[in-house]
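Student: Could you look at this predicted model? Sequence included:
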Amino acid sequence: MDYTFLLGSLENLLGKSHKRARDNHAFHCPFCNHRKPKLEINMATNEEGKNFWECWVCQTKGRTIRSLLKQLNTPKDTAVDILKYVPRGSHIEYKQLSIIELPKEYQPLYSASTTSVVANLVRKYLYERGLTDNDFIKYSIGYCTTGDYGGRVIFPSYTESGTLNYFVARSYDGNFFKYKNPETSKDIIFYENLINWNAPIILCEGVFDAIAIKRNAIPILGKSLSLSLYKKILTSKLTDIYIALDTDAQTAALNIAEKLTSAGFKVYLIELPDKDPSEMGFKNFTKLVQNATELDFSKIMLQKLNL
């Protein structure tokens, strides 16, 4: 039984595992925080859909991945993303993502009237963030003036086949919380339709970063890889991966680097100054890419110790 993606999803949650006998993998236990990996999880789901797990120190145990996630108080979205890789009986049942649609009030910015006060306010905000009219078209950027997403710029994301898979909604006038995103799973590849999987990719945090980088950049919308993105990377022809997370996310960047180097990829860490890519500009960021350090396991461990 191939449990590669289930194992990868649990390692995203619990950290790197160690192979044990009979399809067991040992993790550091989050319940007792023992210094050695004592939480063993059987990755080979049985015919009843069960994966027995137990910590051999604190004796916390259960019979299913679902019960483990519940005891860990795992956020709902994360739990759903992990559980879709758990076989049910003799087949694997994938939970379908809820259908997502752009807000009905969404208006494409590239076609908005140049005399519209609101559209010009949005344009001004985006120009100040370094975006151009070409970016409005390439990234299908729009905005809403009313409704649940009123007062926000909309950044849609599409799959390789052109289906909407997510969108980011950012306040443009400072009157709301910065971001209000749809209530659906984030187990997606943002801007997937724009990615060339035969060329190096750059992993960054947000949409403004990806647009500023201009080439083959994937915003991970946080500090960890989605399961879908990790799966796509593993099955692609990629060789080189660059990581450009903000300075306050270096631990997360090194964790991602460790995961990807272990899978055989050449991984480069782009050391950002106090500014993120969207604040630096394309030319300055390009210089950092050219000077990026290729990481191996020893370099990753050394950098972790120095954090």
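Tutor: Now that the structure is in, tell me what you want to look at.

Student: pLDDT on stretch 119-132, on average?
Tutor: For stretch 119-132, the mean pLDDT works out to 94.

Student: nope, stretch 221-237 is what I was after
Tutor: When pLDDT is averaged over stretch 221-237, the result is 87.

Student: With stretch 44-63 instead?
Tutor: 86.

Student: Can you check the distance spanned by it, start to finish?
Tutor: With C-alpha to C-alpha, to the nearest Å as the measure, the first residue of stretch 44-63 is 12 Å from its last.

Student: Was I right to think Cys204 contacts Ile211?
Tutor: No. In this structure Cys204 lies outside contact range of Ile211 using C-beta atoms under 8 Å: 9.7 Å. The C-beta positions use only the backbone N, C-alpha and C, and glycine is treated the same way.

Student: Those two: which is more packed in?
Tutor: When Cys204 is set against Ile211 and neighbours are counted by other C-beta atoms under 10 Å, the residue ahead is Cys204, at 28 against 24.

Student: Residues in a beta bridge with the more buried one, which ones?
Tutor: Taking DSSP bridges, one obtains Pro219, Ala244 as the residues bridged to Cys204.

Student: Let me know how buried the closest residue to Lys50 other than its chain neighbours is, in neighbour terms.
Tutor: Excluding its sequence neighbours, the residue lying closest to Lys50 (C-beta to C-beta, 6 or more residues apart in numbering) is Arg63, at 4.8 Å. As a burial measure, the neighbour count of Arg63 was computed by other C-beta under 10 Å and equals 16.

Student: same thing with Lys266?
Tutor: As a burial measure, the neighbour count of Lys266 was computed by other C-beta under 10 Å and equals 15.

Student: any idea how far the residue lying closest to it once chain neighbours are set aside lies from Ile233?
Tutor: Taking C-beta to C-beta, 6+ apart as the measure, Lys266 lies nearest to Asp240, with 4.8 Å between them; neighbours along the chain are not counted. Asp240 sits at a distance of 11 Å from Ile233 (criterion: C-beta to C-beta, to the nearest Å).

Student: Let me know whether Leu13 touches Thr74 as I believe.
Tutor: Yes. Checked against C-beta under 8 Å, the pair Leu13 and Thr74 is within contact range at 6.9 Å.
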